[in-house]
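> Here you go, sequence then predicted model.
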Amino acid sequence: MPFDVLRWLVQYLHVLSGVLWFGAGFYVTLVQLPALVTLPPAQRVPAIAALGPRQVRYIVRLAEITIGFGIFNAILTGRLARLGETLGSLWGWAILIGTILAIGLYVLLQTGVKPAVFRIVAVARATQHGDVAGLAELPALAQRIRTLGFVQMGVGAIIVLLMVTARFS
Ligand code: HEM
C-alpha cells in the first residue's frame, strides 16, 4: 500500500462526522430556529415536536462518532506512546486543547441543549393536548437554545482551526 489505509479511513470518518456535527449545529442555529420563530403557534408547535428529538439524537450521535474516531486517530499516529515528546510539540497542544473543547461541547450538549430541547418538546406536546401552563417558559428556553447554538458554533470553529493547525505543525 502506498500509505496507511487504516489511518486514512479513520481520518476520513473523523473529518466527515465532524463536518456533519458542526454543519448541523450551524444550520439549526442560523436557519431553522429563526424560521420556526416566524411560524404561527399552530404550525410551530407540531414542527418543534417532530424536529426537536430527532435533531438532538442526530447531533449527539455525530459528536460521539467524531470524538471516538478522533481518539482512534490520535492513537494510530503513535504519538500518544511518546507522550513527553508529544506534549512538547505544537501538534500535541493543538490536539489536546481541541480534545478538551470537543469533550466540553459534548458535555454541554448532554447537560444544556438536550434538556432544554426536550422541555420545549414536552411543552409543545402538552399544548397540543390543551395544556397551556408551560407556554410562559418557551421564550427563555428558546433563548437558551439559541445561546448554546452560538457557543457550539464558536467553539466548533476553534476546534477545526486547532485540528488543521495540528496537521501543519
Ligand atoms: C476528542 C476529540 C478529538 C480528537 C482526539 C481529535 C484528533 C485528531 C487527530 C489525531 C487528527 C490528525 C491530525 C494529523 O493528521 O496530524 C485530527 C484531524 C482533524 N480533526 Fe480532530 N479530533 C477531535 C475532535 C475533532 C472535532 C470535534 C472536529 C470538528 C470538526 C475535528 C476535526 C478535525 C479535522 C478537520 C481534522 C483534519 C485536519 C487536517 O488534516 O488538516 N476533530 N483530529
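Arrived safely, thanks for sending.

> List the contacts of the nearest residue to residue 89 once chain neighbours are set aside.
Leaving aside its chain neighbours, residue 89 sits nearest to residue 169 (6.7 Å; criterion: Cβ to Cβ, 6 or more residues apart in numbering). Every residue, glycine included, has its C-beta placed from N, CA and C. Listed by Cβ atoms under 8 Å, 6 or more residues apart in numbering, the contact set of residue 169 reads 89-91, 94.

> in whichever strand or helix holds residue 94, what's buried?
Using DSSP states H and E, the element containing residue 94 is helix 90-108. Within helix 90-108, the residues scored as buried using 16 or more other Cβ atoms under 10 Å are 91-95, 98-99, 102, 105-106, 108.

> about what we covered before: state the pair within the contacts of residue 169 that is farthest apart.
Pairwise distances among the contacts of residue 169 were taken by Cβ to Cβ; the largest, 8.8 Å, belongs to 89 and 94.

> send the alpha carbons of stretch 127-136 over as CSV?
Below are the C-alpha coordinates for stretch 127-136, written out as CSV (Å, rounded to 0.1, in the frame of the first residue of the first chain):
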residue,chain,number,x,y,z
THR,A,127,-50.1,22.4,24.3
GLN,A,128,-51.3,20.1,21.6
HIS,A,129,-53.5,18.4,24.2
GLY,A,130,-54.9,21.7,25.5
ASP,A,131,-52.5,22.2,28.5
VAL,A,132,-51.0,25.7,28.0
ALA,A,133,-49.5,26.1,31.5
GLY,A,134,-45.9,25.7,30.2
LEU,A,135,-46.2,28.2,27.4
ALA,A,136,-44.7,31.1,29.5
